[in-house]
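In: Need coordinates for the below:
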Amino acid sequence: MQDLDQTPASAELVRTLAFDGRFKIIPVDPTINAAQYARGMTLNLVLVIPSGYQRAFVQRLGLIGGVSTAAFRDADASVTVMTSSLTGAVSMNAELRQKGVIRKLSTLRIDAWLPTFILLEVFAFAGIGMILTRVAKEAESAMAAANAIMYPMMFLSGSFFPVEMMSGVLQKIARILPLYYANEGLRASMVFADTLIALRCSAVIGVFAAAVFVVGTMTTTWEEDK
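Out: The predicted model follows:
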């Protein structure tokens, strides 16, 4: 990316594009020719922020005078939510449709328990994620830590085969995992219509979700580490 404007607005645009790591920004010296640089480096794309970008942006918004970078910072969260939600939903839905998972899901008995357990899982695993990102500073190490927790939990919690098929030790481990109670609760409510077991499982995962989410929120730092 080549910034020919060299203003707070153009700098904020660069930071916004690089905010969540989806784009790897390589700065290009504004004194060189961007087209020649792209050919020399065999690049497919060079994004050039033209001179006068901030002035044009201010005029577009109907503002007068200069613009503070604070005017753009609030948009970072909106951009992140938009890109994460849109790209995540598109890629996930397309993949599930290709694998036939959506067609299988349409045959499930849907009741009020399904959104309940989904909401509880969101808070539970979001809390775990916030705690992990506090411990693991780098994105790569945080993802590795998440995988180290996620994949064993999937296999030990009865997601793919009954817990009763496992050894006694593994069954005891399974019963301390939050995903086990989500699985058992969904089976009880949607397959066996057993409200009592579903209520018990939702209470367990609800307490766990509240605890880890509160801990995750308290341990999360909202400023960049120095």
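In: C-alpha only now, for contacts and for neighbours.
Out: Fine.
In: Not counting residues beside it along the chain, what's closest to His158?
Out: His isn't right for residue 158; it's Gly. Counting by CA to CA, 6 or more residues apart in numbering, Tyr180 is the residue found nearest to Gly158 once chain neighbours are left out, at 6.4 Å.
In: Tell me who's in contact with the one you found.
Out: If a contact means CA atoms under 8 Å, 6 or more residues apart in numbering, then Tyr180 has Leu156, Ser157, Gly158, Ser159, Ala174 as its contacts.
In: Next, work out how far apart it and Pro162 are.
Out: Applying CA to CA, to the nearest Å, the value for Tyr180 to Pro162 is 10 Å.
In: got it, and Glu140?
Out: 33 Å.
In: Would you list the buried entries among the contacts of Tyr180?
Out: Leu156, Ser157, Gly158, Ala174 (16 or more other CA atoms under 10 Å).
In: returning to what we had before: I'd like the distance between the residue nearest to Gly158 and Glu121.
Out: The value you get for Tyr180 to Glu121, if CA to CA is used, is 11 Å.
In: rewinding a little: need the pLDDT of the residue nearest to Gly158.
Out: On pLDDT, Tyr180 comes in at 91.
In: do the one 4 residues further on as well
Out: As summarised for this prediction, Glu184 has a pLDDT of 89.
In: Just to check, it is in contact with Arg200?
Out: No - when contacts are counted by CA atoms under 8 Å, Glu184 is not listed as touching Arg200 (9.8 Å).
In: May I ask which helix or strand encompasses Met130?
Out: Element membership of Met130 [criterion: DSSP states H and E] is helix 113-135.
In: Tell me how far whichever helix or strand comes after that helix lies from the chain's centre.
Out: Downstream of helix 113-135, the first helix or strand assigned by DSSP H and E is helix 139-156. In this view, helix 139-156 has its centroid 14 Å away from the chain centroid, taken as CA atoms, centre = their mean, to the nearest Å.
In: got the CA coordinates for the helix or strand just after helix 139-156 in CSV?
Out: Sequence order places helix 168-174 as the next helix or strand after helix 139-156, per DSSP H and E. Output in CSV follows, covering the C-alpha atoms of helix 168-174 (Å, rounded to 0.1, in the frame of the first residue of the first chain):
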residue,chain,number,x,y,z
GLY,A,168,-14.0,-44.7,32.9
VAL,A,169,-11.2,-42.1,33.2
LEU,A,170,-12.2,-40.5,29.9
GLN,A,171,-15.8,-40.4,30.9
LYS,A,172,-14.9,-38.5,34.1
ILE,A,173,-12.9,-36.0,32.0
ALA,A,174,-15.9,-35.7,29.6
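In: quick one: buried residues of helix 168-174?
Out: For helix 168-174, by 16+ other CA under 10 Å, it's Gln171, Ala174.
In: Check which helices and strands that helix sits against.
Out: helix 139-156 (3 or more CA pairs under 8 Å, 6 or more residues apart in numbering; DSSP states H and E).
In: Contacts only, for Gly216.
Out: Contacts of Gly216 by CA under 8 Å, 6+ apart are Gly127, Ile128, Gly129, Met130, Ile131.
In: quick one on the thing from earlier: could you dump the contacts of Tyr180 into CSV with distance to Arg55 added?
Out: Listed next are the contacts of Tyr180 as CSV, based on distance: CA to CA, whole Å:
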residue, distance to Arg55
Leu156, 58
Ser157, 57
Gly158, 59
Ser159, 56
Ala174, 59
